[in-house]
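> Pasting a predicted model and its sequence here:
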Amino acid sequence: MARIFDVAVIGAGAAGMMCALTAGQRDRSVVVLDHAKAPGEKIRISGGGRCNFTNIHAGPKNFLSANPHFAKSALARFTPSDFIAMVEKHGIAWHEKTLGQLFCDDSAKDIIRMLLDEMRAGGVELRLGTEIGAVEKGADNFRIATNDGVVEARAVVMATGGKSIPKMGATGFAYRIAEEFGLAMTETRPGLVPLTLEPNLLAELSPLSGIAVEAEARHGKTAFREALLFTHRGLSGPAILQISSYWREGDEITLSLEPDLDFSALLKAAKKENGRQAVQTVLAQHLPKRLAQYVTERQGVERPLADLSDKVLDAVGSFLKRWPIKPAGSEGYRTAEVTLGGVDTAGVDSRTMMAKSVPGLYFIGECVDVTGWLGGYNFQWAWASGRAAGENM
Ligand code: FDA
């Protein structure tokens, strides 16, 4: 007779592996199925190869979801400290880079090795290179059609992530299964993604390509202060990736460059001191030279300070404080770090991650409508939601 597993996890990514090791160590028989050749591929490439595996400040406020309360339960029950304890148990050295972001000292592969070791300790079976077909629910068990025969299990966990980086095997498969089982979806769109500009503005800003500057990027009431990068496609850097998750097509964002500086006051003081200086010279003391030149030309102030009224200098200052930009679009799933939206949390139990209408069917990680900021939050959600499911099956 064919073996029936307690749990079949579809997707050997961050969430799937955490769920599998948790259930396995609770003596459940667990099989993990993945179409990729290797587990945890996104972990491997994350954080520039060092994996920003959590953020010590992670809390519900750092996540976007149609229901901001949904993530609270899982996040409270598996915290950054819990993950750090596992990392330390495996002797993996780590450091805080900035803003509470924790990275491996050495390699993201250490995190994958740790998860695989923990899975082995729980007797989890990992089947890679497995193509998944239909997922059906019978009277007692789920039946999962694969290229290697049918897998039967009492519980199925969908952990196939979102649509980001299709080149790496992202499929949005969990969304299809959710719909087939009658769960609602929220709109999905690329998040943590560079923004593009319409051709005229792109051409105007092309001399700035490659320049990085400290900035605050704002959309409505939401603002992030981090590095901003001008690219040959548009705008990138952490400040832009963060605000991209809040930005909607047609909306404007505003940029404040070097937000600690009062450029208006700096220019007026410089004028008093030495009116023969050019505006560009003063700006270039605080901004990259090409950026100072662009601002000077754009504001039409290519003259000595003494020739310009304080009102004109105020206008330069306020441009640098509130530079309005209307992005044309985003680079899309090709480069997005995450997918916003997904399986509607209204249909999922926040304590167990089980579908309310389909006992035994679970959704965890990025496929659920919970998306974190940049900085280790998305992995923390993967760990926490994987743990929540693994503890309840
Ligand atoms: P994940 O995508 O990790 O895993 C899904 C698994 O399902 C994969 O193994 C895939 O092969 C498999 N799969 C998909 N479709 C399938 C199908 N049809 N059949 C079988 N298997 C299927 N976050 C963070 O917190 N810190 C960071 O440093 C980074 N860095 C980063 C860099 C880059 C370049 C990207 C693209 C993303 C990040 N992220 C991040 C985001 C983070 O990687 C992401 O949120 C988590 O990996 C999501 O974990 P999941 O387990 O939900 O999906």
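Cool, the structure landed.
> can you list the residues of the stretch 1-150 of the chain near the ligand?
Taking Cβ under 6 Å from any ligand atom, the part of the stretch 1-150 of the chain that reaches the ligand is made up of 10-16, 34-36, 41-42, 45-47, 51-52, 132. Where C-beta positions appear, they are placed from N, C-alpha and C, glycine not excepted.
> Please repeat the previous calculation with a cut-off of 8 Å.
10-17, 33-36, 39-43, 45-48, 51-55, 101, 103, 130-132 (Cβ under 8 Å from any ligand atom).
> what bridges to Ala212?
For Ala212, the beta-bridge assignment (DSSP bridges) gives partners Leu229.
> Contacts only, for it.
By Cβ atoms under 8 Å, 6 or more residues apart in numbering, the contact list for Ala212 reads 227-230, 237, 288.
> coming back round to it: among the residues of the stretch 1-150 of the chain next to the ligand, which ones are in strands?
Within those, residues falling in strands by DSSP state E are 10, 33, 52-55, 101, 103, 132.
> domain assignment for the chain?
Domains of the chain are assigned by the TED database as 4-189+339-391, 195-330.
> how many other residues sit next to the nearest residue to Gly40 once chain neighbours are set aside?
Counting by Cβ to Cβ, 6 or more residues apart in numbering, Gly40 lies nearest to Ile112, which is 4.2 Å off, once chain neighbours are set aside. Applying other Cβ atoms under 10 Å, we find 20 other residues in the vicinity of Ile112.
> Ile112 and Gly129, how far apart?
17 Å (Cβ to Cβ, to the nearest Å).
> Same check on Glu118?
22 Å.
> For the residue of the stretch 151-300 of the chain found nearest the ligand, which residues are in contact?
Nearest residue of the stretch 151-300 of the chain to the ligand (Cβ to the nearest ligand atom) works out as Gly161 at 2.7 Å. Counting by Cβ under 8 Å, 6+ apart, Gly161 makes contact with 11, 13, 15, 42, 170, 174, 339, 365-367.
> that's a helix at it, yeah?
No. Counting by DSSP: H, G, I helix; E, B strand; the rest coil, one finds Gly161 to be coil, located in no helix.
> For the closest residue to it other than its chain neighbours, give me its contacts.
In space, Gly161 comes closest to Glu366 once its chain neighbours are excluded; the distance is 4.5 Å by Cβ to Cβ, 6+ apart. Residues near Glu366 by Cβ under 8 Å, 6+ apart: 13, 15, 161-162, 164, 338-339, 342, 378, 381-382.
> picking that back up, give me the more crowded residue out of Glu118 and Gly129.
More crowded of Glu118 and Gly129, by other Cβ under 10 Å: Glu118, with 20 against 12.
> which one is the more buried one nearest to, not counting chain neighbours?
Nearest non-adjacent residue to Glu118, counting by Cβ to Cβ, 6+ apart: Leu21, 4.0 Å away.
> So that neighbour versus the ligand, what's the distance?
Separation of Leu21 from the ligand (Cβ to the nearest ligand atom, to the nearest Å) stands at 13 Å.
> where in this protein is pLDDT low?
Counting by pLDDT under 70, the ranges of the chain that qualify are 1.
> just the helices in it please.
Counting by DSSP state H, the chain has helices at residues 14-25, 41-45, 72-77, 80-89, 109-121, 173-180, 199-205, 238-244, 263-273, 279-283, 289-298, 310-321, 377-390.
> Go through the ones you listed and name the closest to Ala346.
helix 173-180 (11.8 Å; Cβ to Cβ).
> helices and strands around the closest one, which ones?
Helices and strands touching helix 173-180, by 3 or more Cβ pairs under 8 Å, 6 or more residues apart in numbering; DSSP states H and E, are strand 132-137, strand 149-158, strand 361-363.
> Just say which of the ones you listed is most tucked in.
Most buried of the helices and strands packed on helix 173-180 by mean neighbour count (mean count of other Cβ atoms under 10 Å) is strand 361-363; its value is a mean of 27.
> how about the residues of the stretch 151-300 of the chain that lie near the ligand?
Contact residues, the stretch 151-300 of the chain versus the ligand (Cβ under 8 Å from any ligand atom): 159-162, 164-165, 168-174, 192.
> How many residues are close by the residue of the stretch 201-350 of the chain found nearest the ligand?
Residue of the stretch 201-350 of the chain nearest the ligand, by Cβ to the nearest ligand atom: Glu337 (3.9 Å). Using other Cβ under 10 Å, Glu337 is surrounded by 21 other residues.
> Spatially, what comes nearest to it if we skip its sequence neighbours?
With sequence-adjacent residues excluded and distances taken as Cβ to Cβ, 6+ apart, Glu337 is closest to Leu192, at 3.8 Å.
> can you check Phe263 too?
Closest residue in space to Phe263, ignoring its immediate chain neighbours: Gly317 at 4.1 Å, by Cβ to Cβ, 6+ apart.
> quick one: contacts for the one you found?
Contacts for Gly317 (Cβ under 8 Å, 6+ apart) come out as 262-267.
> mind running it again at 10 Å?
Gly317 makes contacts with 261-268, 299, as judged by Cβ atoms under 10 Å, 6 or more residues apart in numbering.
> Return the distance of it relative to Glu216.
According to Cβ to Cβ, Gly317 stands 15 Å off from Glu216.
> that older thread, among the contacts of Gly161, which two are most distant?
Lys42 and Ala174 (14.6 Å).
> Looking at these two, which one has more neighbours?
Between Lys42 and Ala174, counted using other Cβ under 10 Å, Ala174 has the larger neighbour count: 26 against 23.
> Does that one touch Met353 like I think?
No. The pair Ala174 / Met353 is not scored as a contact, 11.9 Å apart, by Cβ atoms under 10 Å.
> list residues touching both of these two?
By Cβ under 10 Å, 6+ apart, Ala174 and Met353 have these common neighbours: 157-159, 343, 363-365, 368.
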